[in-house]
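Colleague: Test case, fold it:
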Amino acid sequence: MRRTALAALCLAAAATASLTGCLPGEDKADSKPKGPFAGLSGGEIADRAVEATSNATSLRMKGDIVDDDGSRIGLDMALDKKGRCAGTMSADGEGEAELLMTGDTLYMKYDEKFLRAQDEDAPKEETDGVVAMLAGKWTKMSAKGSDAKDMAAFCDLDTVLADFQDVNSDATRGRTTTVDGTPAIVLHEKDGKDTYTLSVATKGKPYLLKVVNKSAKDPGTVTFSDFDTPVPAETPKGKVIDLDALGG
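Modeller: The predicted structure is shown next:
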């Protein structure tokens, strides 16, 4: 069950990172662009957004993504370049799991609905036992252990943003908009039959604020916010179940 939850979140992270890979091709200048980023093509704006976002020391990712088996993954995570992360995840709306990592320890807390969804093929008695032991309680495990190493890598912002490097975009400019109150410009991108829109901040640093994947196979939306804001990853107070000690 625990590996299933970790795998689901890593799938969401991989899907999020893969959206940055939709920026291939040669640069195409738009005709007489005006307003924000005047004189820059859509590709040049996208490249600036990639650079600014990659240089952020921390950020928050919030997304709704379809993974390979058709499950819809919900993700709301703050993470930084020091390996700290804190947030929540869900799968197909079936409950929620909280997680955070600080130092070399990964902490997770599951609600009952989430646990039952992850163990739905197990005997009822077994699932009831898991729920009784874990529901609503913080657990911990070493971030260096085999069950947690993928999650630990995801909690490193440098790892998550690795695909942002060396991008050459042929995005085209679209309308201006706002994303959570921040002025932005919309860029349009194509990758074969798949289409994407990217919203880039026009005020302050040109951060990437939103990516919408409109592909038929894995549509999804990811927003980015809280750039350079400290991650609220504090060690849970009270009793914490040590899964490593239980041999889990």
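
Colleague: can you pull out the strands in this protein?
Modeller: Remark: strands assigned in the chain by DSSP state E are 58-66, 72-80, 85-91, 97-102, 105-110, 138-142, 172-179, 182-191, 194-201, 208-213, 220-225, 241-242.

Colleague: can you list these in TSV and add mean pLDDT, mean neighbour count and distance to Leu157?
Modeller: Every C-beta, even on glycine, is put in place using the N, C-alpha and C of the backbone. Formatted as TSV, the strands of the chain follow (pLDDT from 0 to 100; neighbours: other Cβ atoms under 10 Å; distance: least, Cβ to Cβ, whole Å):
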stretch	mean pLDDT	mean neighbour count	distance to Leu157
strand 58-66	88	20	6
strand 72-80	89	21	5
strand 85-91	90	22	8
strand 97-102	92	22	12
strand 105-110	93	23	16
strand 138-142	94	20	21
strand 172-179	94	16	20
strand 182-191	91	19	20
strand 194-201	90	21	18
strand 208-213	92	23	13
strand 220-225	91	19	11
strand 241-242	94	14	27
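
Colleague: can you put those in CSV and add distance to Pro36?
Modeller: Shown next, in CSV, are those (distance: least, Cβ to Cβ, whole Å):
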stretch, distance to Pro36
strand 58-66, 21
strand 72-80, 27
strand 85-91, 30
strand 97-102, 36
strand 105-110, 41
strand 138-142, 45
strand 172-179, 6
strand 182-191, 5
strand 194-201, 9
strand 208-213, 13
strand 220-225, 18
strand 241-242, 50
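
Colleague: for the ones you listed, which one sits closest to Met151?
Modeller: strand 105-110 (5.8 Å; Cβ to Cβ).

Colleague: other SSEs contacting that closest one?
Modeller: Secondary-structure packing of strand 105-110 (3 or more Cβ pairs under 8 Å, 6 or more residues apart in numbering; DSSP states H and E): helix 2-18, strand 97-102, strand 138-142.

Colleague: gap between that strand and the chain center?
Modeller: Distance, stretch centre to chain centre, for strand 105-110: 17 Å (Cα atoms, centre = their mean, to the nearest Å).

Colleague: right, and the strands of the chain - which one's nearest Arg48?
Modeller: Per Cβ to Cβ, nearest to Arg48 of those: strand 194-201, 7.6 Å.

Colleague: and Ala117, which of the strands of the chain is closest to it?
Modeller: Closest among the strands of the chain, using Cβ to Cβ: strand 85-91, at 6.6 Å.

Colleague: Could I get the buried residue list for stretch 134-151?
Modeller: Of the residues in stretch 134-151, 134-135, 138-143, 147-148, 150-151 count as buried by neighbour count, 16 or more other Cβ atoms under 10 Å.

Colleague: Format those residues as JSON lines; extra columns: distance to Arg48.
Modeller: Shown next, in JSON lines, are the buried residues of stretch 134-151 (distance: Cβ to Cβ, whole Å):
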{"residue": "Leu134", "distance to Arg48": "45"}
{"residue": "Ala135", "distance to Arg48": "46"}
{"residue": "Trp138", "distance to Arg48": "41"}
{"residue": "Thr139", "distance to Arg48": "42"}
{"residue": "Lys140", "distance to Arg48": "40"}
{"residue": "Met141", "distance to Arg48": "40"}
{"residue": "Ser142", "distance to Arg48": "39"}
{"residue": "Ala143", "distance to Arg48": "34"}
{"residue": "Asp147", "distance to Arg48": "39"}
{"residue": "Ala148", "distance to Arg48": "35"}
{"residue": "Asp150", "distance to Arg48": "31"}
{"residue": "Met151", "distance to Arg48": "31"}
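
Colleague: quick one: which of these is nearest Leu99?
Modeller: Met151 (7.5 Å).
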